[in-house]
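> please find the sequence and the predicted model below.
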Amino acid sequence: MSPSRMLERQVRYLFVVAGGLGFAALGLAQQPADPAPRPTFRAAVDTVTLTVTVLDRNRRPVRGLSAADFTVLDEGEPRPIVAVEMIEVPPVRPPSRTVWQDQVVADVVTNESRPGRLVVLFFDRSMTAGWEVDRARKIAARTINELGPDDLAAVVYNYNLATPINFTADRRRLLDALNSPVLGTQKYPPPGPKSSGDCFCGLCGVESLEQVAKALEPVSNRPKMVVYIGSWIPLVESPADPCAEWLEPATARMFYAAQRAQVIIHPVDSSGVRTPAGFAASERTVRPNDGGPNFDSLRRLAENTGGRTILGNNAPERDVPRLFEESAVSYLIGFTPRASRGDGRPQRVRVRVRGDDLTVLAASSYRHAPAADDPPPPGAGATPPPSSNARAIAGLTPLADIELRAAAFAVPAPGASDRTAVATVLGIHLPLESAGATPVTAQVDVTAFDTLGRPHDTDHQTMTLTPRIGATRLDWEVLSRLDLPKGRYEIRAAVSSAAPALTGSVHTFLDIGNVGKTSLAVSGLMLHTEAA
């Protein structure tokens, strides 16, 4: 285990504990679930998958290509292509969509399938306080404003004490998250194995990206992109580097995780136009004999994941729209790789496409599975598997096997000045295996998490309902109550049934103020009806 792993990881927010269940997440996700499942190809011994973007001479995405249009060269040798699939996301703002629709978040959220991107804004600790932080915030704000109607975004920091935000379509909430006061207050340590313990040899940046990729891997039906905001990241290639013993295997694991998850990393330089003399030693790559500006590590991030770089620009936010325009259409290409050389080094890969004046954006290398990480502790597999609801609540995006709608609002709790009652209404639409009147038993769980991913209250209900004779689905509503102190929360709900064996989940956010201590407090509006 590397020394940095013995310390508290800088990406602790990627691991949330709910009811004794530890799970990896980018935080927690709101709103639409994955679209309907499509065939997926995992990076494995017999198949490697690349995400490829093809642009015409005007840098517009090219549509309608097939396997016959592509050639994959593995170390210069053409390899068989197993499958090609085109993925297209809706335009950033369709003609029928107005600006105000992007600013207003619906009170009722659903787990309806959507085809949009998952976008991670990654703030790295390589930026300097002052104008560089201001530029970083402009980059992030422009990224948020470019989100399409079905896109979701999350904010992640490679900093201590910075609060991330989970996937959401709420632009106001995302923009609020950019104002963390810790930006620019922590730096990568200077080169050398005796660097600071909280980010030994700069491992925290590489390991943070690895955890982001691992968290995104289970989501197979959305384009995934990381906008990396910083000025460099400590990547090494020379075994002579004093940190190579730890950084080289960490870098290999990070790129392999991005490859498996099909995550594209777009580094956007926050340092602006600077001369080589303007770079301090700690702002260069930690490789020896690197006398120029440290753009090389950012280029490597992009080249190894199929992204593009925005470098040496005093107004990099102006180029952010290109990332969305060019990623509107992409292709998943699965191919049979050459046998591994067995040395753990990346294998060079090149994708060619038939046609004139076309630009191909794809990873320049891939990796076979690296050596296993630290072995699991004794007895690690002895714990019972989590319930289907626990797994659904832990998921990065909601499950849509059961159609759900949710609305949450806060009202004063009688006799509890420090607590607020949160009412969550779930609309449940459960498809039945066959028409009939067989009773259905369902488990309903609703949990509130704070901004650090800690659970605060959970409501569990078990109910048995009998559908109408001849009905093909069962529709009902559930009212859940949680008692919470003032704060910002994510409310996650999951519903599961045994027959049929289905699970659905839905996520929403809620801010609670001093509802019981103000002269006037207005909650959401709740209407209630009863059957005759």
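On my side now, so go ahead.
> for stretch 136-151, what is the distance to the chain centroid?
Computed by Cα atoms, centre = their mean, to the nearest Å, the chain-centroid distance of stretch 136-151 equals 15 Å.
> now the strands for the stretch 201-350 of the chain?
Ranges of strands in the stretch 201-350 of the chain, per DSSP state E, counting those that start in this stretch, are 224-230, 263-269, 329-335, 347-353.
> got the angle for the longest helix anywhere in the chain vs strand 263-269?
Longest helix in the chain by number of residues, with DSSP state H as the criterion: helix 244-261. Orientation of helix 244-261 against strand 263-269 (axes from the mean of the first three to the mean of the last three Cα atoms, to 10 degrees) gives an angle of 120 degrees.
> which other helices and strands contact helix 244-261?
Using 3 or more Cβ pairs under 8 Å, 6 or more residues apart in numbering; DSSP states H and E as the contact test, the elements touching helix 244-261 are helix 203-216. Yep, even glycine has a C-beta here, placed from its N, CA and C like the rest.
> what's the offset of the helix it packs on from the middle of its chain?
The answer for helix 203-216 is 11 Å, by Cα atoms, centre = their mean.
> thinking again about what came up before, deepest-packed of the strands of the stretch 201-350 of the chain, please.
Among those, strand 263-269 has the highest mean neighbour count (mean count of other Cβ atoms under 10 Å), at a mean of 28.
> mind checking the end-to-end distance for stretch 118-137?
This stretch, stretch 118-137, spans 19 Å end to end (Cα to Cα, to the nearest Å).
> now do the buried residues in it.
Neighbour counts using 16 or more other Cβ atoms under 10 Å place 118-128, 132-133, 135-137 of stretch 118-137 among the buried residues.
> these in strands, which ones?
Cross-referencing those against strands under DSSP state E gives Leu118, Val119, Val120, Leu121, Phe122, Phe123.
> surely the second one is in contact with Asn145?
Spelled out, that is Val119. No. Checked against Cβ atoms under 8 Å, the pair Val119 and Asn145 is beyond contact range at 11.8 Å.
> re the thing from before, just the C-alpha atoms of the longest helix of the chain, please, in PDB.
What follows is helix 244-261 as a C-alpha-only set of coordinates in PDB (Å, rounded to 0.1, in the frame of the first residue of the first chain):
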ATOM      1  CA  ALA A 244       8.000   7.000  -9.500                       C
ATOM      2  CA  GLU A 245       7.700   4.000  -7.200                       C
ATOM      3  CA  TRP A 246       4.300   5.300  -6.200                       C
ATOM      4  CA  LEU A 247       3.200   7.600  -9.000                       C
ATOM      5  CA  GLU A 248       3.800   5.100 -11.900                       C
ATOM      6  CA  PRO A 249       1.400   2.400 -10.600                       C
ATOM      7  CA  ALA A 250      -1.100   5.000  -9.500                       C
ATOM      8  CA  THR A 251      -1.100   6.600 -13.000                       C
ATOM      9  CA  ALA A 252      -1.500   3.200 -14.600                       C
ATOM     10  CA  ARG A 253      -4.500   2.400 -12.300                       C
ATOM     11  CA  MET A 254      -6.100   5.800 -13.100                       C
ATOM     12  CA  PHE A 255      -5.900   5.500 -16.800                       C
ATOM     13  CA  TYR A 256      -7.100   1.900 -16.700                       C
ATOM     14  CA  ALA A 257     -10.100   3.000 -14.600                       C
ATOM     15  CA  ALA A 258     -10.900   5.700 -17.100                       C
ATOM     16  CA  GLN A 259     -10.600   3.200 -19.900                       C
ATOM     17  CA  ARG A 260     -13.000   0.700 -18.300                       C
ATOM     18  CA  ALA A 261     -15.500   3.500 -17.400                       C
END
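> that's all I had, so thanks and see you.
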